[in-house]
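Novice: Quick one, what's the 3D model for this:
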Amino acid sequence: MQAAIYHEQVEALLRRLPLVHPQRSAVESILKRQEAGSYGEDSLRYWLTHLSPDEFHSIYYDVRLPLLNDSVVQIDALLLNEKYILLLEAKNLAGKNIFDLDHQQLVRVVDGVESGMPSPLTQADRQLAHLKNWLLEQGIPLPPMEALVVFTNKGAIIDFTDKSDPKVKRVVRVENLPWRVRDFANSCLEVVLSRRDLNLIEKAIVNQPPEQKKKVLRKFKIEQHELIRGVICPECQFAGMKRLPARWCCQRCSHISKSAQLEALRDYELLIGDRITNRQLREWLLLSSADTARRILVGLGLKSGGADKNRYYCLESFKK
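Specialist: Numbers count the residues shown, from 1 in each chain. Now for the predicted structure:
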């Protein structure tokens, strides 16, 4: 699956945000949560390798399936078999996590501070309902299906307000996941999905709609002029490398690079837009020469449109 574009956008935003900007801590917090989620997915992948190949048909991660209302159902991991489908929702949550099953919420206690959030079980149930609807839309019969919430944080404490509720069995620590998968698989004896059905599901997953870039500046209420401009030195991270003939020179550490502008253009695409003009390039890279800017744009082989002063270049056609 492709890397999460939103994660790249947040990384680029943090790179381009001044240290004293009032929104920097909020951006850092989002990035920290994303990295925790990435760690959780790695842990999920590791423990699923403890299943032997004959225990499932295929496993897919970060699944995005389109629905009829133009929305998308997102699933952390999906296990497919001709006898069953298992949906996994990974949570890398530290502290004590108490499932309040009556109120469908998760009560978290971290460093003595208690807070509430929507129940991951409710989230998993919603994803499972969307998946069932999608299968029916494709004319695919419904096999036995279950949605599990998988805690990937080793230090997490899991508790329930009602330990006798059947939903308790749907919350599992990641190290116990292989055995929980086997328990469910052993209860599914009848073949329901044909080779054609499995191919249809796999084709949809492989051809899933690409993740769309978010309006990340708008989300954090940051104006474009608040961003740090210039080419960032790959050696010391100083912003504002000086353009010399066919190369860039860092004014702090004297590092020389012929391609440092590529990262800057990727940041522009992630944060501002897919199209850039000569003037916008000069403003973003802190260039004074329109000829230099034109040579950079033409040299990248970008697709272009418009004419004369209205000419623009498509950054989506540029591969870093």
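Novice: so where's the stretch 101-250 of the chain uncertain?
Specialist: Within the stretch 101-250 of the chain, the stretches with pLDDT under 70 are 209-212.
Novice: just the helices in it please.
Specialist: Secondary structure of the stretch 101-250 of the chain (DSSP state H, counting those that start in this stretch): helices at 120-137, 177-186, 195-206, 216-219.
Novice: elements contacting the first one?
Specialist: Using 3 or more C-beta pairs under 8 Å, 6 or more residues apart in numbering; DSSP states H and E, the elements in contact with helix 120-137 are strand 58-66, strand 72-80, strand 85-91, strand 145-151. All C-beta spots, glycine's among them, are computed from the backbone N, C-alpha and C.
Novice: give me that answer again for 6 Å
Specialist: Under the contact criterion of 3 or more C-beta pairs under 6 Å, 6 or more residues apart in numbering; DSSP states H and E, helix 120-137 touches strand 72-80, strand 85-91, strand 145-151.
Novice: and of the helices of the stretch 101-250 of the chain, who's closest to residue 171?
Specialist: helix 120-137 (7.0 Å; C-beta to C-beta).
Novice: distance between that closest one and the chain's centre?
Specialist: Centre-to-centre, helix 120-137 and its host chain are 20 Å apart (C-alpha atoms, centre = their mean, to the nearest Å).
Novice: With stretch 91-105 instead?
Specialist: Worked out by C-alpha atoms, centre = their mean, stretch 91-105 lies 23 Å from the chain centre.
Novice: Over to it now: how far is its first residue from its last?
Specialist: 14 Å (C-alpha to C-alpha, to the nearest Å).
Novice: got it, and stretch 9-22?
Specialist: Where stretch 9-22 begins and where it ends lie 18 Å apart, using C-alpha to C-alpha.
Novice: Give the buried residues for it.
Specialist: 9-13, 15-17, 21 (16 or more other C-beta atoms under 10 Å).
Novice: likewise stretch 279-291?
Specialist: Those would be 280-282, 284-285, 287, for stretch 279-291 by 16+ other C-beta under 10 Å.
Novice: Is it possible to get TSV of the buried residues of stretch 9-22 that adds distance to residue 159?
Specialist: Shown next, in TSV, are the buried residues of stretch 9-22 (distance: C-beta to C-beta, whole Å):
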residue	distance to residue 159
9	36
10	32
11	35
12	39
13	37
15	40
16	42
17	39
21	39
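Novice: Give me the nearest residue to residue 265, chain neighbours excluded.
Specialist: residue 315 (6.1 Å; C-beta to C-beta, 6 or more residues apart in numbering).
Novice: how long is stretch 201-218 end to end?
Specialist: Span of stretch 201-218 from end to end, C-alpha to C-alpha: 36 Å.
Novice: Check what contacts that stretch and list those residues.
Specialist: Stretch 201-218 has contacts (C-beta atoms under 6 Å, 6 or more residues apart in numbering) with 5-6, 9, 13, 60, 63-66.
Novice: For burial, what's the neighbour tally of residue 230?
Specialist: Residue 230 has 18 neighbouring residues, counting by other C-beta atoms under 10 Å.
Novice: got a list of what it touches?
Specialist: 239-240, 286 are the contacts of residue 230 under C-beta under 6 Å, 6+ apart.
Novice: quick one on the thing from earlier: output the helices and strands packed on helix 120-137 as CSV; include the columns distance to residue 221 and mean neighbour count.
Specialist: Listed next are these as CSV, based on distance: least, C-beta to C-beta, whole Å; neighbours: other C-beta atoms under 10 Å:
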stretch, distance to residue 221, mean neighbour count
strand 72-80, 25, 19
strand 85-91, 28, 24
strand 145-151, 33, 22
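Novice: Export the ones you listed to a markdown table and append columns for distance to residue 206.
Specialist: Formatted as a markdown table, these follow (distance: least, C-beta to C-beta, whole Å):
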| stretch | distance to residue 206 |
| --- | --- |
| strand 72-80 | 12 |
| strand 85-91 | 17 |
| strand 145-151 | 21 |
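Novice: So for residue 31, which of these sits nearest?
Specialist: Among the helices and strands packed on helix 120-137, if distance is taken as C-beta to C-beta, the winner is strand 85-91, at 18.1 Å.
Novice: Off-centre distance for that closest one?
Specialist: 16 Å.
Novice: what pairs with that strand, and is each one parallel or antiparallel?
Specialist: strand 72-80 (antiparallel), strand 145-151 (parallel) (DSSP bridges).
Novice: Mind listing residues that contact the shortest one?
Specialist: Judged by C-beta under 6 Å, 6+ apart, the contacts made with strand 145-151 from elsewhere in the structure are 85-91, 120-121, 124, 128, 170-174, 177, 184.
Novice: same deal with the longest one?
Specialist: Around strand 72-80, the neighbours that count as contacts under C-beta under 6 Å, 6+ apart are 44, 56-61, 63-66, 86-90, 127, 130.
Novice: how about a cut-off of 8 Å?
Specialist: Defining contact as C-beta atoms under 8 Å, 6 or more residues apart in numbering, one finds that strand 72-80 is touched by 41, 44, 48, 56-67, 85-90, 127, 130-131, 134, 150, 181, 193, 198, 201-202, 205, 209.
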